[in-house]
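K.L.:
below: sequence and its predicted model.
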Amino acid sequence: MPEMPEVEIIRRSLINKLKGKQIVQIEILLARQIKWPDKDGFVAMTVGRHIIDIGRKGKYLLLLLDNGNTIVFHLRMTGRLCYTLKEASQDLYKRIIFLLDDGNLLIYADTRTLGTIYALAPGEEWRIEGLSHMGMEPLTEAFTEGYLYDIMYKSKAKIKSFLLNQKKISGLGNIYTDECLHMAGIHPLRLAGSLMKSEIAQLHMAINKVIADGIRDGGTTFRDYRNGEGEKGHHQENLFVYGRNGKPCKVCGTVIEKIVVGGRGTHFCPNCQKLREES
DNA sequence: CAATAGCCCTGGTGGC
DNA sequence: TGCCACCAGGGCTATT
């Protein structure tokens, strides 16, 4: 499931391949994944244009075109973007194919088809709620300990749900959220507004570290995730809690537990992450 | 307003 | 071995 590190790795692996290329033709195999505008409108806004840059905002990937329009991808669970030779074996689950002027393809593939794609004219960011109301992003100057404190102390949400809320902090998904809480030694059921300042400081550091480590390792591949060249990430080898329920904690040896919080599978170490502080 | 349950969607898995 | 209910979960919508 692509979270911020995975989307960033895709961006980095595609930028030199796509920059300056012209979109010659688009083959839309599953039109319902294009959420704005309709199929014909999408083609009209993008075909014949050159890609001048690739950006990212939170988990959204942005292809900036020479007419000022932007193609926006949100990969959700199983979306993939891959630059590939025309004659290379193609993804079984390809949904939208961009033919480029170098003869190669940019293939959008998506097993579960939950991903969303848009073409936006300049100033139309408001059309995507999640893009226009996005919280601060880890590893940026704006994401300070003070910012985290300001949005946390008044929240009544469980910390696990709070961290997943993209309007508060953008980029964390289920995997990295569980990893952050473990690194910071905070139980997922704690209320965001109940954390002490020292714990918020720990959490702030953990969020930046976990995201940076994920990027360093080329992302986390459980099943579907690939970068823009079709390669797996290897951060799954360095996870402390996610998917490790029943296994010993890498820090203290206690068996990792899995519970459901806010409808999401949640992994934690009951020793490293205590619900109540013991004095 | 804020928190949460339900929904979308398909392949892999576990139970019988 | 085959069948099938169930789970995975990001983010939007409806509900409380």
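P.N.:
Thanks, I have it. Only a predicted model underlies this, so the values are computations on that prediction, with no experimental measurement involved.

K.L.:
residues in chain A within reach of DNA strand C, list them.
P.N.:
Within chain A, the residues that sit near DNA strand C (C-beta under 7 Å from any atom of the strand) are A:1, A:3, A:58-59, A:74, A:76-77, A:112, A:114, A:128-131, A:164, A:166, A:173-175, A:260, A:263-265. (Glycine included, C-beta is placed from N, CA and C.)

K.L.:
mind running it again at 6 Å?
P.N.:
A:1, A:59, A:74, A:76-77, A:112, A:114, A:128-130, A:164, A:166, A:173-174, A:264-265 (C-beta under 6 Å from any atom of the strand).

K.L.:
ok, and which of those reach DNA strand B?
P.N.:
Near DNA strand B, by the rule C-beta under 6 Å from any atom of the strand, you find A:112, A:114 out of those.

K.L.:
between the residues of chain A next to DNA strand C, which is closest to residue A:248?
P.N.:
residue A:265 (19.0 Å; C-beta to C-beta).

K.L.:
the closest one belongs to a strand?
P.N.:
Yes - with DSSP: H, G, I helix; E, B strand; the rest coil as the criterion, residue A:265 is located in a strand.

K.L.:
what ranges do the strands span in chain A?
P.N.:
Under the criterion DSSP state E, chain A contains strands at A:23-28, A:34-36, A:51-57, A:60-65, A:70-74, A:79-84, A:94-100, A:105-110, A:116-120, A:257-261, A:264-268.

K.L.:
show me the contacts for the nearest residue to residue A:5 once chain neighbours are set aside.
P.N.:
Excluding its sequence neighbours, the residue lying closest to residue A:5 (C-beta to C-beta, 6 or more residues apart in numbering) is residue A:214, at 3.2 Å. Neighbouring residues of residue A:214 by C-beta atoms under 8 Å, 6 or more residues apart in numbering: A:3-6, A:176, A:220, A:233, A:235.

K.L.:
excluding chain neighbours, what is closest to residue A:13?
P.N.:
Per C-beta to C-beta, 6+ apart, closest to residue A:13 is residue A:228, 3.6 Å.

K.L.:
do the same with residue A:85
P.N.:
residue A:104 (5.7 Å).
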